[in-house]
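# below are the sequence and a predicted model for it; my questions follow.
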Protein chains: 2
Amino acid sequence: MIVIKIGGSVVDGLHPSTLADIKAITEKDKLVFVHGGGKEVTATATKLGKEQKFIVSPGGVRSRYTDKETADIYTMVMSGKINKAITGMLLRQGIKAVGIAGIDGGILKAERKKKLLIINEKGRKMMIDGGYTGKINAVDPALVHNLVDNGFVPVVSPIALSEEYDFLNVDGDRAAAYVAGGVKADKVIFITNVNGLILNEKLVTAMTLEQAKAALPKIGFGMEKKVLACTEALEMGVKEAIIASGQVENPISSAIAHNNCTVITPK
Amino acid sequence: MIVIKIGGSVVDGLHPSTLADIKAITEKDKLVFVHGGGKEVTATATKLGKEQKFIVSPGGVRSRYTDKETADIYTMVMSGKINKAITGMLLRQGIKAVGIAGIDGGILKAERKKKLLIINEKGRKMMIDGGYTGKINAVDPALVHNLVDNGFVPVVSPIALSEEYDFLNVDGDRAAAYVAGGVKADKVIFITNVNGLILNEKLVTAMTLEQAKAALPKIGFGMEKKVLACTEALEMGVKEAIIASGQVENPISSAIAHNNCTVITPK
């Protein structure tokens, strides 16, 4: 099984050959998609008159502050708009896609962050209520297994259930890592807009889990999150984690063939 | 298998015992939910600055006019908001609910209405473009069977795929009838806010398919649509169609027991 993480602005930026490439791969492999879509959430929230607030961690990481209203909009846009748009694109290719959320069948469980340490406008550290974001702490792979074993291609939105059954906003890259780990996927592929991890101005084509973990502090935000997700997936038993561009011809086959991308392996 | 149609404003109007009732039934029967949610679509569309337009048929039936933008909002609210709210409520009861849309796995196919005959503001008949509404013409029951056979409870939103893979707004009652027909359900239950069909000021407790068809022209809009959906389900092989109130104690068990509701059977 291969878990593929794609962004939310699906049509933009993906090579026109992508859907035919995916279709060809479904004929020999079992696929699961996990998507993001933060930009679209912000756009719809703004239209609904709910300006999105972004917070900055002491480490300089900027992220959405998810209060209850934002969590509701996040769920609606991720699962009702982006998820169905991707599912529709796949169905149009004759792929038996099924759009679900991470909450469906209890796939993703997460722990709600009770407090968040942020840097406020005055540059001072400050504790605020954690809102509705979470760190995934358990995966129930039954629904995903059940779908792929019966010829369906699940498309999963990054929403997890808290212990109190709240819907939590979880990071798409890490959701993909946990889904891949939970189903014991052979590979997890992070499709992005660059070829892979660049270190010292060079594309890193191969790396071990240990090397990736050691490199983490040197990697800029965005890519750092993808490399972190790769390490998490490998630590959960996935055999190979790949970061690759979606802008090249047949991007998924190309990543599987290790063409011009970053491949991280346990050893 | 039992297919249950519920409205979109789920919490409002349902008896507080409903979720425990559903939980008890899942322990002995296979359940599938199909929901509506038109009011919520209108509310969110209005918030997004997209006023909803309603049209009136020559027969006096008022319905939403679904242009492309409305179809997108309809999909987002139905599948991302209402569907996930219902799924979340069931998950909280320990039910393995899976929220999907009628498009997922190609469950519901519909024919786009190319033209609509309406009565315009001047009271004159007028042909307009059909927009994105459809009449269901095929059901692929594979995904629903697959989910229920593996212990999941599907929650289906009323969206169908056109031949051109557009997403079409379809009526929730008729979507429930087609899902029930497609999976050859034993029963389809329409949960509403009255006890059932009232004719000559009396609740009709039992009716045959033929009697129901004959009664259709005498029934007011809303209830007429439910009775029509019942007849469609029975004609597709469902053994029993029930219209019952959601406001009584244990509403689903009560409907199954034929307490104070309308039961329509093939003969």
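Received, thanks. Predicted model, so just to flag it, every value in this text is computed and none were measured.

# could you pull up the residues touching the residue in the stretch 51-200 of chain A positioned nearest to chain B?
Of all residues in the stretch 51-200 of chain A, the one sitting closest to chain B is A:Gly80 (2.0 Å; C-beta to the nearest C-beta). All C-beta atoms are positioned from the backbone trio N, CA, C, and that covers glycine. Contacts of A:Gly80 were listed using C-beta atoms under 8 Å, 6 or more residues apart in numbering or on different chains, and they are B:Thr75, B:Met76, B:Val77, B:Met78, B:Ser79, B:Gly80, B:Lys81, B:Asn83, B:Lys84.

# residues contacting A:Asp166?
By C-beta under 8 Å, 6+ apart, the neighbours of A:Asp166 are A:Ala71, A:Arg112, A:Tyr132.

# and these, which is closest to A:Ala101?
If you rank the contacts of A:Asp166 by distance to A:Ala101 using C-beta to C-beta, A:Ala71 comes first, at 12.5 Å.

# OK, contacts around A:Gly172?
Contacts here follow C-beta under 8 Å, 6+ apart; on that basis A:Gly172 touches A:Lys5, A:Gly7, A:Gly8, A:Val34, A:His35, A:Gly36, A:Gly37, A:Gly38, A:Pro158.

# do that again at 6 Å, thanks
A:Gly36, A:Pro158 (C-beta atoms under 6 Å, 6 or more residues apart in numbering or on different chains).

# distance of it relative to A:Gly38?
Distance from A:Gly172 to A:Gly38, counting by C-beta to C-beta, to the nearest Å: 8 Å.

# ok, A:Ala71 next?
In terms of C-beta to C-beta, A:Ala71 sits 13 Å off from A:Gly38.

# those two: which is more packed in?
A side-by-side neighbour count of A:Ala71 and A:Gly38, using other C-beta atoms under 10 Å in any protein chain shown, places A:Gly38 first with 21 against 18.

# sorry, back to before: closest to A:Gly182 out of the contacts of A:Asp166?
Of all those, A:Arg112 has the smallest distance to A:Gly182: 19.5 Å, by C-beta to C-beta.

# ok, now which ones touch the closest one?
For A:Arg112, the contact set (C-beta under 6 Å, 6+ apart) comprises A:Gly134, A:Ser162, A:Leu168.

# again with A:Ile25
Residues near A:Ile25 by C-beta under 6 Å, 6+ apart: A:Ile252.

# over to the one 10 residues further on?
Residues touching A:His35, when contacts are defined by C-beta under 6 Å, 6+ apart, comprise A:Ile6, A:Gly8, A:Ile86.

# report the lowest-confidence entry in the residues you listed.
Checking pLDDT across the contacts of A:His35, the minimum falls on A:Gly8 at 77.

# near that residue, how many other residues are there?
The burial count for A:Gly8: 22, using other C-beta under 10 Å.

# ditto for A:Asn137
13.

# how about the closest residue to it other than its chain neighbours, phi and psi?
Spatially, and ignoring its direct neighbours in sequence, A:Asn137 is nearest to A:Glu111 (5.1 Å; C-beta to C-beta, 6 or more residues apart in numbering or on different chains). With angles defined as degrees, to the nearest 10, A:Glu111 sits at phi -100, psi 130.

# correct me if wrong: A:Glu111 contacts A:Ile136.
No: checked against C-beta atoms under 6 Å, the pair A:Glu111 and A:Ile136 is beyond contact range at 8.2 Å.

# who's more crowded, the two?
Neighbours per residue (other C-beta under 10 Å) separate A:Glu111 from A:Ile136, with A:Ile136 holding more: 24 against 15.

# any idea which helix or strand carries that one?
Taking DSSP states H and E as the criterion, A:Ile136 maps to strand A:134-139.

# any bit of whichever helix or strand comes after that strand sitting next to chain B?
The element immediately downstream of strand A:134-139 (helix or strand, assigned by DSSP H and E) is helix A:142-149. Yes: Helix A:142-149 reaches chain B (C-beta under 6 Å from any C-beta of the partner chain) through A:Asn146.

# buried sites along helix A:142-149?
Going by neighbour count (16 or more other C-beta atoms under 10 Å in any protein chain shown), the buried part of helix A:142-149 is A:Ala142, A:Leu143, A:Val144, A:His145, A:Asn146, A:Leu147, A:Val148.

# determine the angle, from 0 to 180 degrees, between the next helix or strand after it and helix A:142-149.
Next helix or strand after helix A:142-149 toward the C-terminus (DSSP H and E): strand A:153-157. Counting by axes from the mean of the first three to the mean of the last three C-alpha atoms, to 10 degrees, strand A:153-157 lies at 150 degrees to helix A:142-149.

# what's strand A:153-157 in contact with?
Defining contact as C-beta under 6 Å, 6+ apart, one finds that strand A:153-157 is touched by A:31-34, A:78-79, A:83, A:86-87, A:95, A:97-102, A:144, A:147.

# that one pairs with which strands?
Strand A:153-157 pairs in its sheet with strand A:31-35 (parallel), strand A:97-101 (parallel), by DSSP bridges.

# and it, how far out from the chain middle?
Offset of strand A:153-157 from its chain centre (C-alpha atoms, centre = their mean, to the nearest Å): 11 Å.

# for the next helix or strand after it, packing partners?
Using DSSP H and E, the next helix or strand after strand A:153-157 towards the C-terminus is strand A:159-161. Counting contacts by 3 or more C-beta pairs under 6 Å, 6 or more residues apart in numbering or on different chains; DSSP states H and E, strand A:159-161 is packed against strand A:108-112.

# what pairs with the following helix or strand past the strand it packs on, and is each one parallel or antiparallel?
Note on strand A:108-112: by DSSP H and E, the next helix or strand toward the C-terminus is strand A:115-119. Sheet pairing for strand A:115-119, assigned by DSSP bridges, gives strand A:125-129 (antiparallel).
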